[in-house]
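Q: Okay, here's the prediction I keep looking at, along with the sequence it came from:
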Number of protein chains: 2
Amino acid sequence: MPTYTAPVKDLQFVLHDVLNITSSDIPGYDELDADFTNAVLEEAGKLTGDVLAPLNVVGDKEGCRLENGVVYTPTGFKAAFEQVKEGGWPGLDMPEQYGGQNMPYVIGTAVGEMFSASNQAFTMYQGLTHGAASAILAHGTDEQKDKWLPKMVSCEWTGTMNLTEPHCGTDLGLMRTKAEPQDNGTYKISGQKIFISAGDHDMADNIVHLVLAKIPGGPDGIKGVSLFIVPKFLVDDKGTIGARNGVSVGSIEEKMGIHGNSTCVLNYDEAEGYLLGQEHKGMRAMFTMMNEARLGVGMQGMAQAEAAYQNAVIYANDRLQGRDVTGTKNPEGPADPLIVHPDIRRSLMDQKSFVEGGRAFLLWGAQMIDAAHRKGDKDADGLISLMTPVIKGFLTDEGYDMTVKAQQVYGGHGYIEEWGMSQFTRDARIAMIYEGANGVQALDLVGRKLAQDGGKHVMAFFDLVKSFCKENGDDEAMVDFIEPLKTASKDLQAASMYFMQNGMKNPNHALSGSYDFMHLFGHVCLGLMWAHMAKAANAALVNGAEDTAFYETKLATGRYYMARRLPATSMHLARIESGADTVMALDATSF
Amino acid sequence: MPTYTAPVKDLQFVLHDVLNITSSDIPGYDELDADFTNAVLEEAGKLTGDVLAPLNVVGDKEGCRLENGVVYTPTGFKAAFEQVKEGGWPGLDMPEQYGGQNMPYVIGTAVGEMFSASNQAFTMYQGLTHGAASAILAHGTDEQKDKWLPKMVSCEWTGTMNLTEPHCGTDLGLMRTKAEPQDNGTYKISGQKIFISAGDHDMADNIVHLVLAKIPGGPDGIKGVSLFIVPKFLVDDKGTIGARNGVSVGSIEEKMGIHGNSTCVLNYDEAEGYLLGQEHKGMRAMFTMMNEARLGVGMQGMAQAEAAYQNAVIYANDRLQGRDVTGTKNPEGPADPLIVHPDIRRSLMDQKSFVEGGRAFLLWGAQMIDAAHRKGDKDADGLISLMTPVIKGFLTDEGYDMTVKAQQVYGGHGYIEEWGMSQFTRDARIAMIYEGANGVQALDLVGRKLAQDGGKHVMAFFDLVKSFCKENGDDEAMVDFIEPLKTASKDLQAASMYFMQNGMKNPNHALSGSYDFMHLFGHVCLGLMWAHMAKAANAALVNGAEDTAFYETKLATGRYYMARRLPATSMHLARIESGADTVMALDATSF
């Protein structure tokens, strides 16, 4: 069975050596000294490694079951959820006013990585609750916040997000779920929602569904969509749970993975609902949480890759097969361990350099969200808004590929469920799809974000890269990083230029290259992250850090990324510059 | 539920317009006129589309079960297998002497694609039988052939291949299964074999296991391995089935996919076995079938991509979501079909251009196998030997990626098992692993095949490309094909040169780039195939072919491959030329 060991030291390195969080002027960051942060990470590491990781396979094997309208989670989930609640983990970065610990989002993200890596299906119950609570926090009345948030921050009650219907996913304007206004100010919600993660279960006393629906008579399409709070059980003014509301579980979806999470079809039949935010402004309310939610999904991609990678390393060291062509490494044994073979190394280095680069990218993004939310930094808000589809799309695509590579290290055993490597790929697969399929992320990036505020944010990104390269261009210790980063960044600029010059004439010239652009952008971001990490590692070595092997390994891993992964940018650029002609050549009937 | 429609016209195009099989001088090809070939393909198309494809989901859902030592296949498999036997399909390319139809391997491959695409798990029962029969045909005594082949060619008895043991997969020298010689010339086989596809089931009267084992006292390692025929039931000289032999099913493996195939742990306990071929030459006997078997697995990768692609096209045309940015295409409907969106097109074109290029590559390879076996063409034998790891590794990696892309077109529905798209990816995943994991294919290619016979075969390949480019360089209708092919081929030559110049100093400089080389080679091969197909399509159009849309579509699809897929070669070259330094930099303990 796979194991999971939280990468506490790697997280510390990014938080302190690279992002210098304690010397940041973001409110709340000054409390994050290394000892305190370390203690939080160590505790989260224990819980996730000892309690959640062993339940990962259990959840996959058992799945959830629906019996007489009641959803049961896999063996052990309920007890583990109690432990998570007792530790106060769900409210880590929530306001103290509602029972949270008010820590920055960057710490929530570092801890979130461990939770997701150890057990993605389990973690989604609290993840969805966090998302729903954030929406209420941002758009609820004081009364609504007081009523719902304390129980949600503690996860006594969990939350869900209800967007998709059978005939509409991305195109929510087609939505049919109705919300009929009542004389008492409430609404009667009717309709069917599908793919509702954590839609029902036996681990909380109540479930607070956030439901998108249309109020009859409102504008057509997406502009007529409103957001509602629809609890599983009605709650009176004193917070006491009352009658069952008109929402029931139609079925639990049979999915490729994340079996431990109950993905439900929910049927709303005149369920009582309460408007959250303004009428017909439901999409705006959803969008305000989008950056966080999408960063969270990008994290899942990276986290599954981390978990799979850890096990691939163990197997590559344990499994004896073949001999090192440059000379036997294990003369006492019948064969050398897999890890002597260059192609196994290539695979492991692909994984390692992605995971560590992706981690830095995520934490950098989380820091930008903190700067935007806690400091009102508009530039950070613009930059993270631009980066969000890259974080989501690139990290989940690459994360998935890395789980496939980790599985491949096991050979035939990787295909056998008993070894648990298949689960990592099956679980990681969903992150490419939900919270906006990755093609939609690419569309968002190229069709919307790139030109936002006159292209100001992408220019700011280029300036970041340029000034870093300028500042460190003369540093001989950085030569393996600066040159490749410059080349990759030039490819990204050329691609942007191509879109500007050709996208106006024909938007398909831009949209045909959107997916490649997302990946090209992702590689440049990881290249930049590795350059920053290299600088931090060099500094630590110069400053006489004790664990030189740790920093040397960072440098070697970064050099691999620059030499082996960044060359992908020229391929993406070539594809982008081929435009729409070959992409759009065929009639729909000729496929 | 997914459907499957056999691509008869596309197969015909490759066989007749591109490979010109009827005008080939390979013995047996002269009988393959278009009408006859067409009739065979049409019949196979009906059987696979109507009978096997509907059972694909059934096999996935039900799996195989072991009850009291007996393995039961999924509902409907047995009846379908009877239909396959009655049609004589298993013996299509087997000698008439043993009940086969003596058709060329190229036709067996064309038909095999349909079988694999419609139901891979089911097709493996006859596929393994074919492999085992081929081994007996190549290495058996006349007596052995007469005894086993007629029943195996008809699939009354099926076959298996027993290589892997719990502690050894690739490194078969570590094998522990023993074969004790008996006074009567037979052997007693004892040991455990795992991952035995079609290892036991209820669809045949007997199962003929081919088992690798060591005769005590023989040479150490791989040089002491012999191959044995070990039937499930003993068979007397008259061919009558007798007592149960000492082989039993330990368990059925729970796998990520191909649930309809019974992948068994087989326990041999003094089972009676008969030496096949020479003592201690078991690996040689296995290797003679390797080209065919690996081509067959490469075919599975392509075939799953084809099946998944077909369904992605249907969904992209049916599902209404969003609007064409260049102007509404379905004004009467609530939204336009997915297929209007450029990024959906990109995905479908990736799939289509891969599948059709891969199909040509496979059939070209099958033709080389025919030339080698039926005509004794040593050059063809050398070239297909070089190509085999490329066919296996590249087509299964890319085929898998394409099933993931097809699944992605479905958005959330792609993750729900009910829609069947997950099965294509789960089934396709195994092809990257078995019959030599793809990393081992890359090692075989770079470590062995490239330098074989003084590098003669890779030079022959370069000459093929060069002379094609020269012959067609002045043809204006070929300009979109020739230039990209030249560029890609130069990248491949540069990579080969890098290996030659650096691999001698340090073999890791070559082996660190082996995987990229396999993919680089694969892209050049598909580029060459597309150039050939373009030439054939142009010729058909010039000659006034009726179905101009068919040939125009071929040209457009080929242009896509050249513009969008071939640029990968420069990325692979850059990685290769970065050598082993970054790949091998870390200590094993630093991962």
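A: Cool, the structure landed.
Q: what residues are up against the nearest residue to A:Gly382 once chain neighbours are set aside?
A: In this structure, A:Gly382 finds its nearest non-sequential neighbour in A:His457, 4.2 Å apart by Cβ to Cβ, 6 or more residues apart in numbering or on different chains. The way it works is simple: take the backbone N, C-alpha and C, and place the C-beta from them, glycine included. Counting by Cβ atoms under 8 Å, 6 or more residues apart in numbering or on different chains, A:His457 makes contact with A:379, A:382-383, A:385-386, A:449.
Q: Show me which of these is closest to chain B.
A: Using Cβ to the nearest Cβ, A:Lys449 is the member of those that sits closest to chain B, with 15.2 Å.
Q: how many neighbours does the nearest residue to that closest one once chain neighbours are set aside have?
A: Counting by Cβ to Cβ, 6+ apart, A:Leu386 is the residue found nearest to A:Lys449 once chain neighbours are left out, at 4.8 Å. Applying other Cβ atoms under 10 Å in any protein chain shown, we find 24 residues neighbouring A:Leu386.
Q: Kindly report the same for the one 3 residues further on.
A: For A:Pro389, the number of neighbouring residues by other Cβ under 10 Å comes to 30.
Q: Mind telling me what element it is part of?
A: Using DSSP states H and E, A:Pro389 falls within helix A:378-409.
Q: any idea which helix or strand comes after the biggest helix by length in chain A?
A: Ranked by residue count and defined by DSSP state H, the top helix of chain A is helix A:282-318. Next along the chain after helix A:282-318, taking DSSP H and E as the criterion, comes helix A:342-374.
Q: coming back round to it: buried ones in the helix or strand hosting the residue nearest to A:Gly382, by neighbour count?
A: Per DSSP H and E, A:His457 falls inside helix A:452-472. Buried residues in helix A:452-472, counted by 16 or more other Cβ atoms under 10 Å in any protein chain shown: A:457-458, A:461-462, A:465, A:468-469, A:472.
Q: Export those residues as CSV, with columns for pLDDT.
A: Formatted as CSV, the buried residues of helix A:452-472 follow (pLDDT from 0 to 100):
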residue, pLDDT
A:His457, 98
A:Val458, 97
A:Phe461, 98
A:Phe462, 98
A:Val465, 98
A:Phe468, 98
A:Cys469, 98
A:Asn472, 98
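Q: hmm, the biggest strand by length in chain A touching chain B?
A: Taking DSSP state E as the criterion, chain A has its longest strand at strand A:264-276. No - using Cβ under 8 Å from any Cβ of the partner chain, strand A:264-276 stays clear of chain B, coming no nearer than 10.4 Å.
Q: again with stretch A:426-434
A: Yes - judged by Cβ under 8 Å from any Cβ, stretch A:426-434 comes into contact with chain B at A:426, A:429-430, A:432-434.
Q: Not counting that stretch itself, show me its contacts.
A: Residues outside stretch A:426-434 that contact it (Cβ under 8 Å, 6+ apart) are A:60, A:120-121, A:195, A:197, A:255-258, A:297-298, A:300-301, A:304-305, A:308, A:393, A:396-397, A:399-400, A:403, A:438, B:256, B:404, B:407-408, B:411-412, B:414-415, B:425-426.
Q: on that earlier part again, among the buried residues of helix A:452-472, which two are most distant?
A: Spatially, the most separated pair among the buried residues of helix A:452-472 is A:His457 and A:Asn472, at 23.0 Å (Cβ to Cβ).
Q: Please parse chain A into its domains.
A: With domains defined by automatic domain parsing, chain A comprises A:285-443, A:445-583.
Q: tell me the contacts of A:Gly224?
A: Going by Cβ under 8 Å, 6+ apart, A:Gly224 touches A:214-215, A:218, A:280.
Q: out of everything not next to it in sequence, what's closest to it?
A: Closest residue to A:Gly224 apart from its sequence neighbours, by Cβ to Cβ, 6+ apart: A:Gly218 at 3.6 Å.
Q: hang on, the one you found packs against A:Glu279?
A: Yes - at 7.0 Å, A:Gly218 and A:Glu279 qualify as touching, with contact defined as Cβ atoms under 8 Å.
Q: Mind listing the shared neighbours of these two?
A: Common contacts of A:Gly218 and A:Glu279, defined by Cβ under 8 Å, 6+ apart, comprise A:Ser226.
Q: Give me the contact list for stretch A:79-86.
A: With contacts defined as Cβ under 8 Å, 6+ apart, stretch A:79-86 is touched by A:47, A:51-52, A:55, A:90, A:122, A:125-126, A:154-156, A:203-204.
Q: Give the buried residues for that stretch.
A: So, applying 16+ other Cβ under 10 Å, buried residues of stretch A:79-86: A:80-81, A:84-85.
Q: So which elements touch the lowest-mean-pLDDT helix or strand in chain A?
A: Counting by mean pLDDT, DSSP states H and E, the weakest-scoring helix or strand in chain A turns out to be helix A:282-318, with a mean of 93. The helices and strands touching helix A:282-318, judged by 3 or more Cβ pairs under 8 Å, 6 or more residues apart in numbering or on different chains; DSSP states H and E, are helix A:105-118, helix A:120-139, strand A:206-214, strand A:225-231, helix A:342-374, helix A:378-409, helix A:421-429.
Q: Please state the offset of the third one from the chain centre?
A: In this case it means strand A:206-214. Relative to the chain's own centre, strand A:206-214 is displaced by 22 Å; criterion: Cα atoms, centre = their mean, to the nearest Å.
Q: between that strand and helix A:120-139, what angle do the directions make?
A: Using axes from the mean of the first three to the mean of the last three Cα atoms, to 10 degrees, one finds that strand A:206-214 and helix A:120-139 are set 60 degrees apart in direction.
Q: Is there proximity between strand A:206-214 and chain B?
A: No - using Cβ under 8 Å from any Cβ, strand A:206-214 never reaches chain B; the gap is at least 13.5 Å.
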